[in-house]
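[1] Provided below are the primary sequence and the corresponding predicted coordinates.
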Amino acid sequence: MSLMPQFVLIMATLAAVPAETSLLSETTEEPGPDLTVNVAYQCAMKGSVTRFITCFDSEEDPYHEVITDQVNQRDSEARSPLDIASSLGRLEMVKELLARGAEVNAATVKGITALHRAAHWGKVDIVKQLVENGADMQARTSYGERAREGALRYSHMECVDYLDWAEAREALVTSIQEAKDTLADPEKIQGRFSRDDKQVTVNTCNEKTQWLEANPDATTNDFIQQRKDFEDSLAPIWAKLLEPPKTPQKK
């Protein structure tokens, strides 16, 4: 039997090998990053603060163009990156998220905010950070629960105590601001407040503002008492707001 047919077959096979090898050895481009992935969410989960910052600061980062929109997106369980970082107690991540546009009072359809989550998990440092950045302590879930009640339900007393303190301080600050706003509204006070009334109000507001600045470590009861003193001092003047304005007598 002639070996020629087998020789031809072998040579044909060998000739084909370099072609296949060259195809396999060609450099293939790696697929680009999946921009549908929420990198802000991943950073919050892992606590990857540096990676998160790089997405914003480096124009060459593949997520640079989408990271701003991702900061307030929610996952399939309606959690935002801020919700995740707050639940896990990732303080530096929370700071960066807030600095980069995370909405501190954004809530789910059930009214759950990042403050609720931090309080529920007993993350007092996160609770403080959120409150200092304007978190609404009066925000309620669909069950009528504030962050304070949630913390109490799970026996996170450090969170409860802080929220009581912050609420008492905020109440005093709000009372002072409301008095200033009223004094600045001529329609409310015209014909009702005398010059002395205005001066007493100004002096009382200044006194309590100075007290706040001088007593950063005041207790919850201190704030409650100062607010009571403030309102008691202005009560006789404020009662005039309920009276009809006095019309000047014609001469």
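    Sure, I can see it.
[2] next up, the contacts around residue 177.
    For residue 177, no contacting residues are found, by CB atoms under 8 Å, 6 or more residues apart in numbering. Glycine gets a C-beta too; all of them are placed from N, C-alpha and C.
[3] gap between it and residue 113?
    23 Å (CB to CB, to the nearest Å).
[4] which residue lies nearest the spatial centre of this structure?
    The geometric centre of the chain, computed from its C-alpha atoms, lies nearest to residue 104 (CA atoms, centre = their mean), at 2.2 Å.
[5] that one in helix, strand or coil?
    Here residue 104 is coil, with the state taken from DSSP: H, G, I helix; E, B strand; the rest coil.
[6] next one: phi and psi at it?
    Note on residue 104: backbone dihedrals following degrees, to the nearest 10 are phi -70, psi -30.
[7] tell me the confidence at it?
    We have a pLDDT of 98 for residue 104.
[8] quick check, it in contact with residue 82.
    Yes: taking contacts as CB atoms under 8 Å, residue 104 lies within contact range of residue 82: 7.4 Å.
[9] which neighbours do these two share?
    With CB under 8 Å, 6+ apart, residue 104 and residue 82 have common neighbours 98, 114.
[10] list the residues that contact residue 244.
    For residue 244, counting by CB under 8 Å, 6+ apart, there are no contacting residues.
[11] distance check, it against residue 182.
    Distance from residue 244 to residue 182, by CB to CB: 17 Å.
[12] and residue 156, by the same measure?
    In terms of CB to CB, residue 156 sits 38 Å off from residue 182.
[13] do residue 211 as well
    20 Å.
[14] quick one: low-confidence parts of the chain?
    For the chain, applying pLDDT under 70 flags the ranges 1-33, 35, 246-251.
[15] without its sequence neighbours, what residue ends up closest to residue 74?
    Nearest residue to residue 74, sequence neighbours excluded (CB to CB, 6 or more residues apart in numbering): residue 80, at 5.2 Å.
[16] cool, and residue 168?
    residue 223 (3.8 Å).
[17] what would the host helix or strand of the one you found look like as PDB? C-alpha coordinates only.
    Element membership for residue 223, per DSSP states H and E: helix 220-238. Extracted in PDB, the C-alpha atoms of helix 220-238 (Å, rounded to 0.1, in the frame of the first residue of the first chain):
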ATOM      1  CA  THR A 220     -30.600  67.000  77.500                       C
ATOM      2  CA  ASN A 221     -32.300  68.500  80.600                       C
ATOM      3  CA  ASP A 222     -30.200  71.700  80.200                       C
ATOM      4  CA  PHE A 223     -31.600  72.300  76.700                       C
ATOM      5  CA  ILE A 224     -35.100  71.500  77.900                       C
ATOM      6  CA  GLN A 225     -34.800  74.000  80.800                       C
ATOM      7  CA  GLN A 226     -33.300  76.700  78.600                       C
ATOM      8  CA  ARG A 227     -36.100  76.400  76.100                       C
ATOM      9  CA  LYS A 228     -38.700  76.700  78.900                       C
ATOM     10  CA  ASP A 229     -37.000  79.800  80.200                       C
ATOM     11  CA  PHE A 230     -36.800  81.300  76.700                       C
ATOM     12  CA  GLU A 231     -40.500  80.700  76.000                       C
ATOM     13  CA  ASP A 232     -41.600  81.900  79.500                       C
ATOM     14  CA  SER A 233     -39.600  85.100  79.100                       C
ATOM     15  CA  LEU A 234     -41.300  85.900  75.800                       C
ATOM     16  CA  ALA A 235     -44.800  84.600  76.600                       C
ATOM     17  CA  PRO A 236     -46.200  88.000  77.600                       C
ATOM     18  CA  ILE A 237     -44.900  89.500  74.300                       C
ATOM     19  CA  TRP A 238     -46.000  86.600  72.200                       C
END
